[in-house]
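Student: can't give you the sequence, but here's the structure:
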């Protein structure tokens, strides 16, 4: 997948220049993994770019909700064998000029409160390939289309950082073929999400991590429940990370994942029984 796009930034705006930028690669793991499909009930809410609901950046793609102004989903590829160390100094969060500004939540939400700009596709996950690719991915990760609001103690509070360590845990605990991993993630949109400055703030997030081990595709799904209260300090146990079945993610998000991932989600039928406990550390993950 390719799209003509490169970016330069002036103040709080972005200028899109001509260049080749690869988005999410469905064949990255050696087997075709399509992006999630939006349910018919929400498909009309997808922002379209050049007629497509899939918007591409460097090493990731996403679908954007026009009503909520956050991504329905983001899909990205991680090449653990080609990672680069690149800083973020001098890179600002900006809106994507290819998309109407009023369909994106920008800096107006984050000023003067405890909300942080949280990456959906982790910046560090995208910094691979050639130096120029990694540099473009670094910049692209800061588009507001890849950002959602998170409390400032989000990573600390989400079970000692389990949420932010999920991708790292794959490489640490699994003999991943070719050191390649594919991830999907996004917010859960609920009708009762708290509204702040005219923006409904998601309080649940999900991730689906896919990899191949010994030639076998595996899929694991995770849900973070975040209770947002802008008036009170949050307790640590208000952030809970659960390992769940892929079907539960579908039910909460109105997304449909490809059959290949359902077949690879063996945890759904063999291990998820009884009362579910939150993950206390990455050691609790059942790969």
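Tutor: Perfect, I can see it now. Being a predicted model, the structure only gives us computed values, none of them experimental. Numbers count the residues shown, from 1 in each chain.
Student: now name the helix or strand holding residue 75.
Tutor: strand 71-79 (DSSP states H and E).
Student: same thing with residue 62?
Tutor: strand 60-64.
Student: which phi and psi values does the residue nearest to residue 140 when sequence neighbours are not counted adopt?
Tutor: In space, and not counting its chain neighbours, residue 140 is closest to residue 57: 4.1 Å by CB to CB, 6 or more residues apart in numbering. No exception for glycine: its C-beta is placed from N, CA and C like everyone else's. Here is the backbone geometry of residue 57 (degrees, to the nearest 10): phi -130, psi -170.
Student: for the chain, which segments count as helices?
Tutor: Ranges of helices in the chain, per DSSP state H, are 40-43, 123-126, 131-140, 154-157, 162-173, 246-253, 259-264, 267-270.
Student: make JSON lines out of those and add distance to residue 208.
Tutor: Output for the helices of the chain, formatted as JSON lines (distance: least, CB to CB, whole Å):
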{"stretch": "helix 40-43", "distance to residue 208": "18"}
{"stretch": "helix 123-126", "distance to residue 208": "14"}
{"stretch": "helix 131-140", "distance to residue 208": "20"}
{"stretch": "helix 154-157", "distance to residue 208": "20"}
{"stretch": "helix 162-173", "distance to residue 208": "10"}
{"stretch": "helix 246-253", "distance to residue 208": "6"}
{"stretch": "helix 259-264", "distance to residue 208": "7"}
{"stretch": "helix 267-270", "distance to residue 208": "12"}
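Student: just the pLDDT at the spatially closest residue to residue 79 that is not a sequence neighbour, thanks.
Tutor: Of all residues not flanking residue 79 in the chain, residue 128 sits nearest, at 4.3 Å (CB to CB, 6+ apart). On pLDDT, residue 128 comes in at 97.
Student: and what of the one 10 residues further on?
Tutor: Predicted confidence (pLDDT) at residue 138: the value is 97.
Student: equivalent analysis for residue 22, please.
Tutor: So residue 22 comes in at 84 (pLDDT).
Student: same check, this time on residue 114
Tutor: For residue 114, the predicted pLDDT is 82.
Student: and the gap between it and residue 106?
Tutor: 18 Å (CB to CB, to the nearest Å).
Student: now swap in residue 207 and tell me
Tutor: Residue 207 is 24 Å from residue 106, by CB to CB.
Student: which one of these two has more residues nearby?
Tutor: Using other CB atoms under 10 Å as the criterion, residue 207 and residue 106 rank with residue 207 on top: 20 against 16.
Student: beta partners of the spatially closest residue to the more buried one that is not a sequence neighbour?
Tutor: The spatial neighbour of residue 207 that comes closest, neighbours along the chain excluded (CB to CB, 6+ apart), is residue 185 at 4.2 Å. Beta-bridge partners for residue 185, by DSSP bridges, are residue 74, residue 207.
Student: neighbours of residue 185, how many?
Tutor: 27.
Student: what sits up against stretch 39-50?
Tutor: 38, 53, 55, 63-68, 72, 98-100, 103, 254-256 (CB atoms under 8 Å, 6 or more residues apart in numbering).
Student: at 7 Å what do you get?
Tutor: Contacting residues not belonging to stretch 39-50 are listed as 38, 53, 55, 63-67, 98-99, 103, 254-256 [CB atoms under 7 Å, 6 or more residues apart in numbering].
Student: residue 174: which of those residues is nearest?
Tutor: Within the contacts of stretch 39-50, the smallest distance to residue 174 is 24.6 Å, found for residue 255 (CB to CB).
Student: for residue 27, see how far away residue 56 is.
Tutor: Distance from residue 56 to residue 27, by CB to CB: 15 Å.
Student: neighbour count: those two, which is higher?
Tutor: Using other CB under 10 Å as the criterion, residue 56 and residue 27 rank with residue 56 on top: 21 against 10.
Student: fine by me, we can end here.
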